[in-house]
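Novice: What would the 3D arrangement of this be:
(2 chains)
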There are 2 protein chains.
Amino acid sequence: MAAARDQAGGREGLAREMVGVIMAGGTGSRFWPASTQDRPKQFLSLFGDHSLLQQSYERLAASLPPERILVLTSVEHAGLVRLQLPQLPPENVVAEPQRRDTAAAVTLAACLAAARFGDPIMAIVTADHVIAPVEAFTQTLLSAAAGAADGRSLYTFGIRPDHAATGFGYLELGEPLPSSDAIAHWVLGRFVEKPDLETARAYVAGGRHLWNSGMFVWRSHAILEQLRRHVPEHESRIRQAVALDGKPGFAAELASAFEPLRKVSIDYAVMERAHNVRCVVATFGWHDVGSFTALADHLPTDADGNAHRGRVFGVDAHDNIVFAEDEGEVVALVGLHDLVVVRAGKRTLVLPRERAQDIKELVARLDEDVK
Amino acid sequence: MAAARDQAGGREGLAREMVGVIMAGGTGSRFWPASTQDRPKQFLSLFGDHSLLQQSYERLAASLPPERILVLTSVEHAGLVRLQLPQLPPENVVAEPQRRDTAAAVTLAACLAAARFGDPIMAIVTADHVIAPVEAFTQTLLSAAAGAADGRSLYTFGIRPDHAATGFGYLELGEPLPSSDAIAHWVLGRFVEKPDLETARAYVAGGRHLWNSGMFVWRSHAILEQLRRHVPEHESRIRQAVALDGKPGFAAELASAFEPLRKVSIDYAVMERAHNVRCVVATFGWHDVGSFTALADHLPTDADGNAHRGRVFGVDAHDNIVFAEDEGEVVALVGLHDLVVVRAGKRTLVLPRERAQDIKELVARLDEDVK
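Specialist: Predicted coordinates for the structure are as follows:
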């Protein structure tokens, strides 16, 4: 942390104006049974000892104090957030009363940030991606903050693609902007939806498209202005509820405010419509790790190409993925290849690698008590 | 038990002359990870709540009192036998100090039975087969005991084959004998080793071959006479050690007696050589249940033919075998068929049904601590 601060150098003043917001409301089922309804992906320790949420917090805490970090999550998971981040002031764990997608979550974060901190520079970050190293994250974050400090632009974080992914939206770059540091700044041309493979290949070859990471930096008044324009019901209902922040009845008022809101993402509601969007090109490594097959790239492998967390014993078994929540578990495989085997608690999943995307369908069919 | 005794009717006097001996020294690895070195198959509750050993005990206890039932096991598992059969007098759990195959175990049982009970009719039964109903077992047992009561014959239990199994030895029947009850008695023609498939088919079609169940009934002096003739070192060493039965130093003396004995089965050492062997045709159902595929025939199946102990959820998954030690476990399968998935403690096994016989090879390769 000290090292990161030193690296940030003269930008400490900027960091003091910032508020970090971790979006931890995801409910992804693609990691069942490692993830469950009760404990979605961001709460899992997929690598090492710390959960993705904890790692996300630690990345922000390298430049921000705990009292300036908010975590937004669903009301069901607020307790788990407090458990995993005991260093956070309790009021900084903010429960979304209903799932109303990211436009509502961002509105809530912006209203709270404005109410509690004046007009801070907000950094909206995800809780379910793998990002390293911290120093590069801090560098990109502060560079975007410097760009957003005048309150005139909304900044997105673009990731330079290393393959023709069809599972992400892309940011099409417009014109380059001058930058006061090593981070490239661009005017955003446009957001593009998840492309087909051919288009994705053209994007990678062309060099003018970045992955949309879902992370943003802006002054709170700048995003609130856009929210007021594009999703006025979100802005007005939530702003009125947030007037009760810290007072009795806040939770009930917020629940009433959320209830009628339509589910819409911040990308669709605002970012694709606003004309003042810019982009910084991230210098950190970024992985969505959206499935067990993606996770396998980050696990150790044995001599037969079996990626594993936990112990794996194979006889004539190759290129399998074994993931055990408890690393002391043993999984033995005979005569099998390209399978995914997942162990967690009293749940076990086995399926072919190429059907990893079908976990969602499976989970939808499961009995409620094992989801 | 009362019902079985009533059924046995006038044979209660016969039962009072008997001693039951359960051979529970097996180390089979074909049920790993449900079975382990520490807990071989006979200690598992493969069906219902009672282990195969407990079920074996209950079958004998239907006609014999606990003090006339001995359990022979390896020294490593004597504690587990006592735990599973607390109703047994402690001295009736007999530990074989080393693994020296069944000729040594039978010699030890016969010497102890003679020393403790005079010249009882011994019933040697297995602990790792599934047998039902108890009444038919008792009927067959007492019929063999009646035949063996004069001390002139060694009785084996033959099982009428229901398919051309190549994994068992067979009993070739000689001449029929008069019987005083509903059980058929035969002079044994000869023992035959595990046949090839063609031979097995001929055996089943011919009707004169039965499966060798590994269960025997004889007077203790009758088997001791044969042991003295065919494996004299076994008989003399073990008899001398058993003179210390119940006295200090017995265990050490027995260990010295066992140490140099060659490993040989009772079938090979005695039964195939003796000229006074007879056979009763069992009226009970008998299953070796030697593998998970055999076990599947005894488990409930879902609509897609997935046999299971524990809960199974399939998406496009059929004809799999799922066996969870803890029936509260959930195993989910997507797009897979004809697999075996076994869960026990911190161990999981996945392999194709047709490779179930390779579990032994797998276990041989496992690290010692997970065997």
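Novice: contacting residues for the residue nearest to A:Arg68 when sequence neighbours are not counted?
Specialist: Excluding its sequence neighbours, the residue lying closest to A:Arg68 (CB to CB, 6 or more residues apart in numbering or on different chains) is A:Val19, at 5.1 Å. Quick note: C-beta positions are derived from backbone N, CA and C, even for glycine. By CB atoms under 8 Å, 6 or more residues apart in numbering or on different chains, A:Val19 lies in contact with A:Leu64, A:Arg68, A:Ile69, A:Leu70, A:Ala113, A:Phe117, A:Pro120, A:Ile121, A:Met122, A:Ala123, A:Ser220.
Novice: Give me the three-state assignment for A:Val19.
Specialist: strand (DSSP: H, G, I helix; E, B strand; the rest coil).
Novice: what's downstream of the lengthiest helix in chain A, the next helix or strand?
Specialist: Identified as the longest helix of chain A according to DSSP state H is helix A:101-117. Once the chain leaves helix A:101-117, the next helix or strand it forms, by DSSP states H and E, is strand A:121-126.
Novice: could I have the strand ranked longest in chain A exported to PDB, CA atoms only?
Specialist: Longest strand in chain A, counting residues (DSSP state E): strand A:209-219. Taking C-alpha atoms only, strand A:209-219 is exported to PDB below (Å, rounded to 0.1, in the frame of the first residue of the first chain):
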ATOM      1  CA  HIS A 209     -11.500  -1.800 -30.200                       C
ATOM      2  CA  LEU A 210     -11.100  -2.600 -26.500                       C
ATOM      3  CA  TRP A 211     -13.000  -4.800 -24.200                       C
ATOM      4  CA  ASN A 212     -15.600  -3.000 -22.100                       C
ATOM      5  CA  SER A 213     -14.500  -3.800 -18.500                       C
ATOM      6  CA  GLY A 214     -17.600  -2.300 -16.800                       C
ATOM      7  CA  MET A 215     -15.500   0.000 -14.700                       C
ATOM      8  CA  PHE A 216     -15.900   3.700 -14.700                       C
ATOM      9  CA  VAL A 217     -14.500   6.900 -13.300                       C
ATOM     10  CA  TRP A 218     -16.500  10.200 -13.100                       C
ATOM     11  CA  ARG A 219     -17.500  13.100 -10.800                       C
END
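Novice: Can you list the buried residues in whichever helix or strand comes after it?
Specialist: Once the chain leaves strand A:209-219, the next helix or strand it forms, by DSSP H and E, is helix A:220-230. Neighbour-count burial for helix A:220-230 flags A:Ser220, A:Ala222, A:Ile223, A:Leu224, A:Glu225, A:Gln226, A:Leu227, A:His230 (criterion: 16 or more other CB atoms under 10 Å in any protein chain shown).
Novice: closest to chain B among those?
Specialist: A:His230 (39.8 Å; CB to the nearest CB).
Novice: tell me which strands and helices the longest helix of chain A is in contact with?
Specialist: Here helix A:101-117 touches strand A:18-23, strand A:69-74, strand A:93-96, strand A:121-126, helix A:220-230, helix A:232-242, helix A:266, going by 3 or more CB pairs under 8 Å, 6 or more residues apart in numbering or on different chains; DSSP states H and E.
Novice: How far does the longest strand of chain A sit from its chain's centre?
Specialist: 11 Å (CA atoms, centre = their mean, to the nearest Å).
Novice: What strands flank that strand, and is each parallel or antiparallel?
Specialist: When pairing is defined by DSSP bridges, strand A:209-219 lines up against strand A:121-126 (antiparallel), strand A:154-159 (antiparallel), strand A:170-177 (antiparallel).
Novice: in stretch A:293-302, what counts as buried?
Specialist: A:Thr293, A:Leu295, A:Ala296, A:Leu299, A:Thr301, A:Asp302.
Novice: An error on my part: the question was meant for stretch A:15-26.
Specialist: Quick answer for stretch A:15-26 (16+ other CB under 10 Å): A:Ala15, A:Met18, A:Val19, A:Gly20, A:Val21, A:Ile22, A:Met23, A:Ala24, A:Gly25, A:Gly26.
Novice: Dump those to CSV, plus distance to A:Gly147 and pLDDT.
Specialist: Shown next, in CSV, are those (distance: CB to CB, whole Å; pLDDT from 0 to 100):
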residue, distance to A:Gly147, pLDDT
A:Ala15, 15, 87
A:Met18, 13, 97
A:Val19, 17, 98
A:Gly20, 17, 98
A:Val21, 18, 98
A:Ile22, 21, 98
A:Met23, 21, 96
A:Ala24, 26, 95
A:Gly25, 27, 90
A:Gly26, 27, 85
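Novice: Go through the residues you listed and name the one nearest chain B.
Specialist: A:Gly26 (21.1 Å).
Novice: Wait, the closest one touches A:Arg39, no?
Specialist: No: using CB atoms under 8 Å, A:Gly26 is not in contact with A:Arg39, being 11.4 Å away.
Novice: Give me the distance between the two termini of stretch A:292-311.
Specialist: 17 Å (CA to CA, to the nearest Å).
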